[in-house]
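> dropping a prediction and its sequence here:
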Amino acid sequence: MIKRMINKRRMLIAVLDFLLQNLTKLNAIPALAPLVETLRDIVARIGDTHEAQLSSSEGQTQTKEELKQKSILSLLEIIKRAKAYALISNDLLLKSEIDFSASELQMMPQDNLTDTGNKIIAACTSKVTVMAEYGITTPMLETATANLAAYKAALPGVKRVIASRKTATGELDELFTQADLTIKKIDALMEIAGMDDAHLLQEYKNLRVITDLKGKGTTPDTPAEPVTDPGN
């Protein structure tokens, strides 16, 4: 949820709480109660959509990052040992195939990392016997292969989360649009309530101001549309 939405949601919650607390006073306006219920439903749906968006995104991102780091650590262990072998045996071809630093691996795009990692493992697999005294073993290479496979398998899930997050943002936009339409109707009815209780109306209008998330300023929300006499 972007900052604009967070600020507006805070305003909607405050306004809704105020209306629910004063619903008894507002019973003289029968049309108001159904609108308050509509607003309560919209605010609840906004909260549910936001929470679902956060939980799915954070979980997938954390899993992907953990698997990425696990893959890189296993590759670096292989690279360190293979480079020592290549240096001692003057195997320039092997050196060129496995000569990657930690920072290079970290900066690689996702697909490049898995492709590069598999090429490093393949280069070492063909020489695993002669590199045994440098600590490179078949189980080590198999572990690195499994780590890369797990990382690659997690990538589509992250992409799905990103797509889902975009969809959720669209849903939030629609919910906030519905909230705007509903609260504008409430604004008009509150003007009627204000004819008998000016203080109540002023309290309501104070809550209709959208406060900046960090408290650095306020922005008036769309003002209520004036109530006109149908006969004019």
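Looks like it arrived, so ask away. The model shown is predicted, which means the values in this text are computed figures rather than measured ones.

> what packs against the strand or helix carrying residue 176?
Per DSSP states H and E: residue 176 is located in helix 138-193. Here helix 138-193 touches helix 3-21, helix 32-89, helix 110-125, helix 198-207, going by 3 or more CB pairs under 8 Å, 6 or more residues apart in numbering; DSSP states H and E. The way it works is simple: take the backbone N, C-alpha and C, and place the C-beta from them, glycine included.

> for residue 189, what are its contacts?
Neighbouring residues of residue 189 by CB atoms under 8 Å, 6 or more residues apart in numbering: 29, 31, 32, 35.

> ok, 7 Å please
Residue 189 is in contact with 29, 31, 32, counting by CB atoms under 7 Å, 6 or more residues apart in numbering.

> what do you get for residue 68?
Neighbours of residue 68 in contact, by CB under 7 Å, 6+ apart: residue 151.

> next one: it from residue 109, what distance?
Shown here: residue 68 relative to residue 109, a distance of 11 Å by CB to CB, to the nearest Å.

> go on, residue 179?
Using CB to CB, residue 179 is found at 40 Å from residue 109.

> what's the answer for residue 94, then?
In terms of CB to CB, residue 94 sits 25 Å off from residue 109.

> okay, the two: which has more neighbours?
residue 94 (21 against 8; other CB atoms under 10 Å).

> please report how far that one lies from residue 115.
Distance, residue 94 to residue 115, using CB to CB: 18 Å.

> go on, residue 126?
For residue 126, the distance to residue 115 - CB to CB - is 17 Å.

> okay, these two: which has more neighbours?
residue 115 (14 against 10).

> can you pull the pLDDT of that one?
We note a pLDDT of 94 for residue 115 in this prediction.

> OK, contacts around it?
By CB under 7 Å, 6+ apart, no residues touch residue 115.

> swap in the one 4 residues further on?
Contacts here follow CB under 7 Å, 6+ apart; on that basis residue 119 touches residue 97.

> repeat for residue 19
Taking CB under 7 Å, 6+ apart, we find residue 19 in contact with residue 36.

> for this protein, what are the low-confidence residue spans?
1, 52-62, 156-168, 211-232 (pLDDT under 70).

> go with 50
Residues of the chain that meet the criterion pLDDT under 50 lie in 58-59, 213, 223-232.

> which non-adjacent residue is nearest residue 110?
Among residues not flanking residue 110 along the chain, residue 155 sits closest, at 5.5 Å (CB to CB, 6 or more residues apart in numbering).

> apologies, that question was intended for residue 31.
That would be residue 189: by CB to CB, 6+ apart, it lies 6.2 Å from residue 31.

> tell me how far that neighbour lies from residue 183.
In terms of CB to CB, residue 189 sits 10 Å off from residue 183.

> what of residue 172?
In terms of CB to CB, residue 172 sits 16 Å off from residue 183.

> give me the more crowded residue out of the two.
Legend: neighbour count by other CB under 10 Å for residue 172 and residue 183, higher for residue 183 (25 against 19).

> isn't the more buried one up against residue 39?
Yes - between residue 183 and residue 39 there is a contact at 6.4 Å, judged by CB atoms under 7 Å.

> which neighbours do those two share?
What both residue 183 and residue 39 touch, as defined by CB under 7 Å, 6+ apart, is an empty set.
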